[in-house]
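1. Please work out how this folds:
(chains A and B)
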Amino acid sequence: MNNTIAFSNWNFLSLFQNFSLAIKSKTLTSIAGPNNCGKTTLLRALCGQKKMQEDITVLGKKQNAYKITDYTRIVRGVFPLEYTPILETVEEELNYTADKLFLRKTEKSKRLREIYKNLSLNKVKKSLIKDLTEEEFIRLQLALTIVEMPKIMVIDDISVYFDKAEVKKIVEYFKELIKEYGITIIMTTSRLDDTMDSDELVILSENQVVLQDKPLEVLQKDNILNKVGLQVPFMIDLSVKLKDYNLIDNIELDMDRMVDILWK
Amino acid sequence: MEIVFINHKLEDNEINFRIKHNSITGIHNDCGNNIWDLISLKKIGKGQISINGEKITKDDIFMTQKRISVIDNNIHFPNYLKTVEDLLNERFITFNLNVKDPQKKMEDSLKIVGLTEDYLERDLITLSNSEKKLILIARGLLSNPDTILIEEPFMYLDLKQEKRLVMLFNKLKEQYNKTIVIKSEDVDILYKYTKNIVIVKNIDILLEGDTKEVFHRVDYLKRSGIHIPDAVRFTYLANKEKDAKIDYHSDIRDIIKDIYKHV
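-> Numbers count the residues shown, from 1 in each chain, chains lettered A, B, ... in the order given. Reported below is the predicted structural model:
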């Protein structure tokens, strides 16, 4: 798989020094880390909200070689609650964004229908945006970004606004988008439970990558994760410790199966 | 500060519950802010409220409110507040606090939550969410309240900050006799850190009492659509399906020890 994004010995202010990270195309990558480890700064830099950089390569081209107007069509960011709507209702706002893309009528209605359904926005379609809850507002932000189908979509920590089950549903939808439209999605999170279905998990600490691998591989490194200040999901934590006691052989994520294995 | 609500009418329900003095009580709520507003005495219905065993009247509400500090989860500050100092200063004005040395009080409050006095000069827009959260807690402590009501206390905080905050709650409870009330949707957090709990469903008290005893009523909670903490769910499954005879624990290491003994 090719790399869509590469930070090569990236330096940014006094925060990031010789920072390197490569993200594969058409994947869902989760970036997790304790507070102030640089997750949001990294995403803002990637979105072009900071000065465009030479050390960041996006789709084979240096970031600072792009025109900002072209770049923001390729890489779109969702930063929760950082959005000022233009129109009044959810439907108007989404239609307005879709109309700017000059899609064919059938394509536009198909795209919007899927978005409303997958982000559970049908019930607030006619609602005034000012009356939305924070959770609904973030769903709208996600919808407005997805409707544009950027090549790369970055999403800053939504885990504080949704419970684990809701994030799981949203992640499932992201995976469908990757499969069907070939976009690359990067999301940061402070809750490791939300990273389990990602293709890759990156752990940041003090502005450096400390772990990067498939989520299950990373999550088993409980000592490192605890040391950097992250809570390992319950079933992983239990599995790793039971493995240490030679009570099980493999990581088990399903609670019923775990009970069956332990008490055969 | 013990707060007791007796036959308190809230919408169509008559509710009774108690916030115990000098304890950490959890509130698990599925129906907006009604109960939260009631405990903070912001919006009260018809019924009796007792504070430390004494019935209070409507005239007492204002003075009693001042003994309660509500730390909500809103980290979006109004534009007219520029710095952390502005934000903290505003509390002195709105609460009409008569403090001898406000500067020292602000510095002390920041210190309690693990932040240095340098933060006073920080522009609010430069703060991370976790810093904003800690500053809100520091602001909540300025009025030296008897009872602290805190909404989703660990939201935006990492594990280290979470542990530090738990230590702070225990210190406030044990050394300063404070009563702490935590509102959270996260049952794992409530199971781990609270001594008592009030579970609210459809503006009615579903269960109230010792946190462990309440969460161990798994069948009832499941029937009522309340999430079960992971640690409880695992033990319940092992005991119910395999007659494993392991005890309920909130610490995963204790669960492992029990499994080791019984498997």
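2. Secondary structure element holding the residue in the stretch 51-200 of chain A that chain B sits nearest to?
-> As assessed by C-beta to the nearest C-beta, chain B sits closest to A:Val160 within the stretch 51-200 of chain A, at 5.2 Å. (Each C-beta comes from the backbone N, C-alpha and C, glycine too.) Using DSSP states H and E, A:Val160 falls within no helix or strand.
3. check contacts around it.
-> Residues in contact with A:Val160 (C-beta atoms under 8 Å, 6 or more residues apart in numbering or on different chains) are A:80, A:190, B:129, B:155-156.
4. Neighbour-wise, give me the winner out of these.
-> A:Ser190 (24 neighbours; other C-beta atoms under 10 Å in any protein chain shown).
5. From B:Leu190, how far off is that one?
-> Look at A:Ser190 and B:Leu190: by C-beta to C-beta, to the nearest Å, they are 19 Å apart.
6. For chain A, what lies in contact range of chain B?
-> A:34-36, A:40, A:81, A:160, A:163, A:190, A:226, A:229-231, A:234-235, A:237-238, A:241-242, A:245, A:247, A:255-256, A:258-259, A:262-263 (C-beta under 8 Å from any C-beta of the partner chain).
7. Weed out the non-buried ones from the residues you listed.
-> A:34-36, A:40, A:160, A:190, A:229-231, A:234-235, A:237-238, A:241-242, A:255, A:258-259, A:262-263 (16 or more other C-beta atoms under 10 Å in any protein chain shown).
8. Quick check: residues of chain B near chain A?
-> Checking chain B against chain A by C-beta under 8 Å from any C-beta, the hits are B:76, B:128-131, B:155-162, B:185, B:188, B:230-231, B:233-234, B:237-238, B:241-242, B:244, B:252-253, B:255-256, B:259-260, B:263.
9. List only buried entries from those residues.
-> The buried subset of the residues of chain B next to chain A (16+ other C-beta under 10 Å) comprises B:129-131, B:155-162, B:188, B:230-231, B:233-234, B:237-238, B:242, B:244, B:252, B:255-256, B:259, B:263.
10. Which ones among those residues lie within helices?
-> B:129-131, B:159-162, B:188, B:230-231, B:233-234, B:237-238, B:242, B:252, B:255-256, B:259 (DSSP state H).
11. Could you tell me which of the residues of chain A next to chain B belong to helices?
-> Per DSSP H, these map to helices at A:40, A:226, A:234-235, A:237-238, A:241-242, A:255-256, A:258-259, A:262.
12. Nearest to chain B among these?
-> A:Phe234 (3.9 Å).
13. where does the spatially most central residue of chain A fall, helix, sheet strand or coil?
-> When C-alpha atoms, centre = their mean is applied to chain A, the residue found nearest the centroid is A:Met187 (1.8 Å). At A:Met187, secondary structure determined by DSSP: H, G, I helix; E, B strand; the rest coil is strand.
14. Next, the contact list for it, please.
-> Counting by C-beta under 8 Å, 6+ apart, the residues that A:Met187 touches are A:28-31, A:154-158, A:174, A:198.
15. So which of those residues wins on neighbours?
-> A:Ile31 (28 neighbours).
16. wait, is it part of a helix?
-> No. Counting by three-state DSSP, A:Ile31 is not part of a helix but strand.
17. List the residues that contact the closest residue to A:Leu238 other than its chain neighbours.
-> Spatial nearest neighbour of A:Leu238, chain neighbours left out: B:Ile252 (6.0 Å); criterion: C-beta to C-beta, 6 or more residues apart in numbering or on different chains. When contacts are counted by C-beta under 8 Å, 6+ apart, B:Ile252 is found next to A:234, A:237-238, A:241, B:231.
18. likewise A:Lys175?
-> A:28, A:197.
19. Retrieve the pLDDT associated with it.
-> With respect to pLDDT, A:Lys175 scores 97.
20. what's the answer for the one 5 residues further on, then?
-> The per-residue pLDDT reported for A:Glu180 equals 94.
21. That one - that's part of a helix, no?
-> Yes. Remark: A:Glu180 belongs to a helix, assigned using three-state DSSP.
22. how many neighbours does B:Lys173 have?
-> Neighbours of B:Lys173 using other C-beta under 10 Å come to 18.
23. Repeat that for B:Asp247.
-> 12.
24. secondary structure element for it?
-> Short version, using DSSP H and E: B:Asp247 is in no helix or strand.
25. Once you drop chain neighbours, what's closest to the residue in the stretch 1-150 of chain B positioned nearest to chain A?
-> Residue nearest to chain A within the stretch 1-150 of chain B (C-beta to the nearest C-beta): B:Ser130, separated by 3.8 Å. Once flanking residues are discounted, B:Ser130 sits nearest to A:Asn35: 3.8 Å by C-beta to C-beta, 6+ apart.
26. same thing with B:Ser50?
-> That would be B:Val4: by C-beta to C-beta, 6+ apart, it lies 4.3 Å from B:Ser50.
27. Report the contact partners of that neighbour.
-> Per C-beta under 8 Å, 6+ apart, neighbours of B:Val4: B:17-19, B:49-51.
28. so the residue nearest to B:Ser130 sits right up against B:Leu127, yeah?
-> No. Counting by C-beta atoms under 8 Å, A:Asn35 sits too far from B:Leu127 to count as a contact (11.0 Å).
29. Tell me the confidence at the residue positioned nearest the centre of chain B?
-> For chain B, the residue nearest the mean C-alpha position is B:Ile182 (1.3 Å; C-alpha atoms, centre = their mean). Looking at B:Ile182, its pLDDT stands at 96.
30. how far away is it from A:Val171?
-> Going from B:Ile182 to A:Val171 by C-beta to C-beta gives 28 Å.
31. before we move on, what about B:Gly53?
-> Taking C-beta to C-beta, one finds B:Gly53 at 51 Å from A:Val171.
32. What sits closest to A:Gly33 if chain neighbours are left out?
-> A:Leu204 (3.6 Å).
33. For the helix or strand containing the one you found, name the packing helices and strands.
-> A:Leu204 is part of strand A:200-205, with elements assigned from DSSP H and E. Where contact means 3 or more C-beta pairs under 8 Å, 6 or more residues apart in numbering or on different chains; DSSP states H and E, strand A:200-205 is packed against strand A:16-24, strand A:28-32, strand A:208-213, helix A:215-219, helix A:222-228.
34. winner for burial among the ones you listed?
-> strand A:28-32 (a mean of 25; mean count of other C-beta atoms under 10 Å in any protein chain shown).
35. Tell me the strands beside that one, with direction?
-> Note on strand A:28-32: by DSSP bridges, its sheet partners are strand A:184-189 (parallel), strand A:200-205 (parallel).
36. Next, report how far it is displaced from the centre of its chain.
-> Distance of strand A:28-32 from its chain centroid, counting by C-alpha atoms, centre = their mean, to the nearest Å, is 6 Å.
37. ok, residues contacting that strand?
-> A:23, A:39, A:42-43, A:171, A:174-175, A:178, A:184-192, A:194-195, A:197-204, A:215, A:230.
38. and if you look at stretch A:99-112?
-> A:94-95, A:98, A:147-149.
39. Mind checking which of the residues you listed are buried?
-> Buried members of the contacts of stretch A:99-112, scored by 16+ other C-beta under 10 Å, are A:94, A:98, A:147, A:149.
40. List the contacts of the third one.
-> By that I understand A:Val147. Counting by C-beta under 8 Å, 6+ apart, A:Val147 has contacts A:94, A:97-98, A:101, A:111-112, A:115.
41. Look up the pLDDT of it for me, please.
-> So A:Val147 comes in at 97 (pLDDT).
42. Check the first one too.
-> With respect to pLDDT, A:Leu94 has a value of 97.
43. what sits against it?
-> Contacts of A:Leu94 (C-beta under 8 Å, 6+ apart): A:112, A:115, A:140, A:143-144, A:147.
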